[in-house]
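Engineer: one predicted model, sequence on top.
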Amino acid sequence: MLTKLLWLNILVSSVLLANAANRPPSFFYSAKGKAAFVDLLSADYTVDYYVEGKKGLATSELQFKMLEDGFPVLECDNDVIVAYIDNAKVETEKIDLPGKVGKMTLIKKYLSKGTYNILIRNEIKKNIAFEEKGVQSSFWMSDLDRGSKGYLEKYLPTNMEYDQYKMNLKIQIQGGKAEQIVYTNGELISAKNDAYEISFPEYFNASSVYFHLTLKNRFVEIRDSYKSIVDGTEFPLVIYSPNKSLTEDLHKDALKILKELEGDYGKWPHQSVVIYGIGRAWLGGMEYAGATRTDLNALGHELHHSYFARGVMPANGDAGWIDEAIARWRDNKYPVRKTFSAQANLGNRSPYLKTTHIKSYTHGMKFISYLASKVGGKDALKSLLARLVDTRVFKPIQNKDFINHLETSSKANLKNLFNKHVLNIRANIQEREKNHSIEENPYHLPETEEFQLSTL
Ligand SMILES: [Zn+2]
């Protein structure tokens, strides 16, 4: 994600194994048992939009695996209307994560190891609007701990970012009279005006999905393709925005940026490119897998995230600083620093944290510049990052995986540098004070719910 401040300052089994290794430890719930993180295997989501009644209702059928005995926890921000496990009704409860760093939805049924099905019904209340006898609904997300934060859980039951699973999304519009259109980074299996079916790849997680259901003709779009400079593959390219000149400028820039990124980090890792332009500058953007909702200025930053963030994926909030630091390093034209003394804790906070540290953009970026000088310069670090994409794309990483990759590939000893400058638990207190006095300035306005609604 790129915010206003910055511009101013500035395959199935292997997937399952990785998911299991990256989940946070289970934690105390009650004397009857622990709260346990699960492994989602698949989700069939159906969203019914009732135009007359002005309501969006989701029915989600999830298959999940209990990797240990306990009470399963899932991500679901909305109130659960009703839930069933293997056809038996179950109660749910919102509980605090250890350290109160966030909330999860606990299913009040003790389960032993094994595979289960759960059906959950909830209303979708965020980023939804009924007008002109149609519906507008989007799954806008934010990874920052302010403003309108949250991933897919703002709309549908899902899991934390460590978990990748196969998703299918059915959309049904009841009683609509308007012409509708869906923009998505999934495969559109069927598209009628009032019914859509979208299939997402199995490596997607809660932060990958791009979904924007809107009124047709609201936006000016360009449908083109991007031809890979690596092997000639043609990727569908869809660009849309409220006006023609912005769409054209995004198109022009996107073709240039995609070439640049492919030159540095290899072939575009996604199946398509979707770009929604919300303005020219000062609005920032948000990344999705092979997609972005962004201003023209932030386009390069957000497309870069399709390599780092939604390509090489953070396994949790503590790994979230990595992609922001690397994206800012690119925005700043890959500077190299010989010295660096500042210490912070961007990624050693809690395995339960879901959000990215705000100083990733500044302190994190400086650390990456410093790291470049330790591994042989700008080009040396860029090629280590390209190798990371090559070997770890769509495999969620933690800090230890990032460090291991860099150390193994460069033969440099880097662990201590990370521990001192970006994973330093002793830097906590000082950093928090600074955050409040300096970082929280009036220019860093959060992406509010009103702002997100205005871009439906
Ligand atoms: Zn970003």
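Structural biologist: On my side now, so go ahead.
Engineer: apart from its neighbours in sequence, what residue is nearest the residue of the stretch 101-250 of the chain found nearest the ion?
Structural biologist: The ion sits closest to Asp143 of the stretch 101-250 of the chain, with a gap of 8.1 Å, by CB to the ion. In this view, the C-beta of every residue, glycine as well, is placed from N, C-alpha and C. Spatial nearest neighbour of Asp143, chain neighbours left out: Thr356 (4.8 Å); criterion: CB to CB, 6 or more residues apart in numbering.
Engineer: touching, the one you found and Ser142? I think so.
Structural biologist: No. With contacts counted by CB atoms under 8 Å, Thr356 stays clear of Ser142, the gap being 9.5 Å.
Engineer: residues in contact with Ser241?
Structural biologist: Shown in contact with Ser241 (CB atoms under 8 Å, 6 or more residues apart in numbering): 219-220, 247, 250, 276-278.
Engineer: at 7 Å what do you get?
Structural biologist: With contact set as CB atoms under 7 Å, 6 or more residues apart in numbering, Ser241 has these partners: 219-220, 247, 250, 276-277.
Engineer: ok, Lys227 next?
Structural biologist: By CB under 7 Å, 6+ apart, Lys227 lies in contact with Glu234.
Engineer: and the stretch 201-350 of the chain, which residues reach the ion?
Structural biologist: 324, 327 (CB under 5 Å from the ion).
Engineer: thinking again about what came up before, compare neighbour counts for Thr356 and Ser142 and give me the winner.
Structural biologist: Thr356 (28 against 21; other CB atoms under 10 Å).
Engineer: which pLDDT value belongs to the more buried one?
Structural biologist: pLDDT recorded at Thr356 is 90.
Engineer: now do Ser437
Structural biologist: 37.
Engineer: before we move on, what about His444?
Structural biologist: Per-residue pLDDT puts His444 at 34.
Engineer: look up the residues forming beta bridges with the residue nearest to Asp143.
Structural biologist: Leu144 (DSSP bridges).
Engineer: do the same with Gly134
Structural biologist: Assigned bridge partners for Gly134, using DSSP bridges, are Glu131.
Engineer: need the contact list for it.
Structural biologist: If a contact means CB under 7 Å, 6+ apart, then Gly134 has 51, 176, 178, 180, 215 as its contacts.
Engineer: can you check Tyr307 too?
Structural biologist: Shown in contact with Tyr307 (CB under 7 Å, 6+ apart): 261, 265, 269, 389.
Engineer: can you tell me which helix in the chain is longest?
Structural biologist: As assigned by DSSP state H, the longest helix anywhere in the chain is helix 244-265.
Engineer: only C-alpha atoms, please: export the next helix-or-strand element following that helix in PDB.
Structural biologist: Next along the chain after helix 244-265, taking DSSP states H and E as the criterion, comes strand 273-279. What follows is strand 273-279, C-alpha atoms only, in PDB (Å, rounded to 0.1, in the frame of the first residue of the first chain):
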ATOM      1  CA  VAL A 273      -3.100  -7.300 -15.100                       C
ATOM      2  CA  VAL A 274      -6.000  -5.200 -13.700                       C
ATOM      3  CA  ILE A 275      -5.600  -1.500 -13.000                       C
ATOM      4  CA  TYR A 276      -8.300   0.800 -11.500                       C
ATOM      5  CA  GLY A 277      -7.200   4.400 -11.600                       C
ATOM      6  CA  ILE A 278      -8.700   6.600  -8.900                       C
ATOM      7  CA  GLY A 279      -6.900   9.800  -9.600                       C
END
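Engineer: which SSE is immediately downstream of strand 273-279?
Structural biologist: Trace forward from strand 273-279 with DSSP H and E and the next one is strand 285-288.
Engineer: same for that following strand, what does it pack against?
Structural biologist: strand 291-295 (3 or more CB pairs under 7 Å, 6 or more residues apart in numbering; DSSP states H and E).
Engineer: could you list the buried residues of the strand it packs on?
Structural biologist: Within strand 291-295, the residues scored as buried using 16 or more other CB atoms under 10 Å are 291-295.
Engineer: parallel or antiparallel, which strands does it pair with?
Structural biologist: Strand pairing (DSSP bridges) places strand 291-295 next to strand 273-279 (parallel), strand 285-288 (antiparallel).
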